[in-house]
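Student: Build me a structure from this.
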Amino acid sequence: MVRDGGAVWRELVSALEEELPGAVELRRALHATPEPGGAEVRTSALLADELPVAARSLDGTTNLVARVGARGPGVLVRAELDGVELAERTGVPYAATGGRMHACGHDVHCAALVALARAAHRLRDRLPAPLLAVFQASEERTPSGAEVVLCDAELKDDVRAAVGVHVHPGIPWGHLGADPGAVNAATYGFEITVEGSAGHGAYPHTTRDPVLALAQIVVALHTLTGRRVDPVHPAALSVCALSAGAGDNVIPDRASALGTLRTLHEDDHLPMREAVRTTVAQVAAAHGCTGTVRAHRDEPALVNDLALTGALRDAARAAGVPLAAPWRSCGGDDFARYGTSWPALMVFVGLLDAPGFAPAPLHSPVFLPPDEAVREVARAQALGYLAAAGTPNPRTGRAP
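Tutor: Residues are numbered from 1 along each chain as shown. The predicted structure follows:
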């Protein structure tokens, strides 16, 4: 940690404990009223009201940034605003309604970051570097809110490093996952369109059936990672949505699908994208149809900076916080974009075997981190902030 960082850590932890009851209430309020990416108006306003300093809206969007501490290059700590399109089935009194929920922990991340900002504000004259609390819109949707943050002129020269923290049910409770290199995959979201010729279901020979072609395309795509990617390189491809026709006796002239491709190794990404395109085109052609692919999301791999990761791991050991076994996944996060401009670090907070946590994956209708996760995330955010504050500024080569 930074010089005298142990003292700052102890003061931050003490201040965080006093902020946690309010942060838990805020988490429940956020959980009950999720909003879609790019339209988090109420969420953004609620957070702005709870922050200890005036927050700045970025380019008139719902993205917020709040500076705590003196001027100069600061440490950006990000939390996400948006929910996902999913009907909640947790049964808790503060469950969301309306077919949308916080099924990825964003409510926990935001409440924790407010608690950290409030705690840091108490120590503002003794902070090793300014804290730039960024509440980012549209992590789950396109266009990504990270693009808005990266285009902000004031932030471009005002950030020394970026830190993100995310809960994860695959890591043990009380442990932090922080490993150097690629920890989340490059993501390629795509839409397939197959066009044929319509006709009666009783006379399929008079048609060019796009439904059959799409069905064969789906099967073919799911074989690609096993035959086009080195078996020791993590990769995943999933077709997640299908759409075609409206009647039981009408072969339509069009069918479509949505899918995602994930690769952890940079050398695999472009070849696999091309393999998706050619597979769709050629299988469709074999059925007398045309098949095209359109990208609707393309994020780089999330690569943890070596120096930042080492600093975080040292800080965690000094604070007595256990580290998880090496851990990576084919999940994706637009936080990866921050690493294209600044040294970046994503820390994962474990939920496995947490008290009161019913095992469930991310994006499950019953995914519900316990209230105690707010404390764990806030402490991880504080550790990440202090670790980044103590690493050399990439522009000056000097630590604070």
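
Student: CA only for contacts and neighbour counts going forward, please
Tutor: Will do.

Student: Next up, the contacts around Gly177.
Tutor: Neighbour list for Gly177: Ile171, Leu323, Ala324, Ala325, Pro326, Trp327, Val347, Phe348, Val349, Gly350 [criterion: CA atoms under 8 Å, 6 or more residues apart in numbering].

Student: Please, where are all the helices along the protein?
Tutor: Under the criterion DSSP state H, helices of the chain are mapped to 5-32, 41-50, 106-122, 145-151, 153-156, 210-221, 224-228, 266-286, 306-319, 372-390.

Student: Run through the neighbouring helices and strands of the third one.
Tutor: Helices and strands touching helix 106-122, as assessed by 3 or more CA pairs under 8 Å, 6 or more residues apart in numbering; DSSP states H and E, comprise helix 5-32, helix 41-50, strand 64-68, strand 74-80, strand 131-136, helix 372-390.

Student: Now the last one: buried residues?
Tutor: Residues of helix 372-390 classed as buried under the neighbour-count rule (16 or more other CA atoms under 10 Å) are 373-390.

Student: I'd like the average pLDDT over it.
Tutor: Per-residue pLDDT values over helix 372-390 give a mean of 97.

Student: and that helix, how far from the chain's centre?
Tutor: Between the centre of helix 372-390 and the centre of its chain there are 17 Å (CA atoms, centre = their mean, to the nearest Å).

Student: report the angle between the axes of it and helix 5-32?
Tutor: Here helix 372-390 points in a direction 140 degrees away from that of helix 5-32 (axes from the mean of the first three to the mean of the last three CA atoms, to 10 degrees).

Student: Direction-wise, compare helix 372-390 with strand 131-136 and give the angle.
Tutor: Counting by the same axes, to 10 degrees, helix 372-390 lies at 130 degrees to strand 131-136.

Student: got the angle for helix 372-390 vs helix 106-122?
Tutor: Using the same axes, to 10 degrees: helix 372-390 against helix 106-122 is 50 degrees.

Student: Can you show me the CA trace of helix 372-390 as CSV?
Tutor: Coordinates of each C-alpha in helix 372-390 appear next as CSV, following Å, rounded to 0.1, in the frame of the first residue of the first chain:
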residue,chain,number,x,y,z
GLU,A,372,-23.4,-8.4,4.0
ALA,A,373,-22.0,-8.4,0.4
VAL,A,374,-22.2,-4.6,0.5
ARG,A,375,-19.5,-4.5,3.2
GLU,A,376,-17.3,-7.0,1.3
VAL,A,377,-17.6,-5.1,-2.0
ALA,A,378,-16.9,-1.7,-0.3
ARG,A,379,-13.8,-3.1,1.4
ALA,A,380,-12.6,-4.6,-1.9
GLN,A,381,-13.2,-1.2,-3.6
ALA,A,382,-11.2,0.5,-0.8
LEU,A,383,-8.3,-2.0,-1.2
GLY,A,384,-8.3,-1.5,-4.9
TYR,A,385,-8.3,2.3,-4.5
LEU,A,386,-5.4,2.2,-2.1
ALA,A,387,-3.4,-0.2,-4.2
ALA,A,388,-3.9,1.9,-7.3
ALA,A,389,-3.1,5.1,-5.4
GLY,A,390,0.3,3.6,-4.4
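
Student: Show me what that helix is packed up against.
Tutor: helix 5-32, strand 74-80, helix 106-122, strand 159-172, helix 306-319, strand 344-352.

Student: how does it look with 10 Å?
Tutor: In terms of contacts (3 or more CA pairs under 10 Å, 6 or more residues apart in numbering; DSSP states H and E), helix 372-390 is packed against helix 5-32, strand 74-80, helix 106-122, strand 131-136, strand 159-172, strand 176-177, helix 306-319, strand 344-352.

Student: Tabulate these (a markdown table), appending mean pLDDT and distance to His200.
Tutor: As requested, those are arranged in a markdown table below (pLDDT from 0 to 100; distance: least, CA to CA, whole Å):
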| stretch | mean pLDDT | distance to His200 |
| --- | --- | --- |
| helix 5-32 | 94 | 48 |
| strand 74-80 | 98 | 48 |
| helix 106-122 | 98 | 48 |
| strand 131-136 | 98 | 50 |
| strand 159-172 | 97 | 49 |
| strand 176-177 | 98 | 56 |
| helix 306-319 | 96 | 61 |
| strand 344-352 | 98 | 52 |
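
Student: Can you lay out the ones you listed as JSON lines showing distance to Arg100?
Tutor: Below are those laid out as JSON lines (distance: least, CA to CA, whole Å):
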{"stretch": "helix 5-32", "distance to Arg100": "10"}
{"stretch": "strand 74-80", "distance to Arg100": "15"}
{"stretch": "helix 106-122", "distance to Arg100": "13"}
{"stretch": "strand 131-136", "distance to Arg100": "18"}
{"stretch": "strand 159-172", "distance to Arg100": "19"}
{"stretch": "strand 176-177", "distance to Arg100": "28"}
{"stretch": "helix 306-319", "distance to Arg100": "34"}
{"stretch": "strand 344-352", "distance to Arg100": "22"}
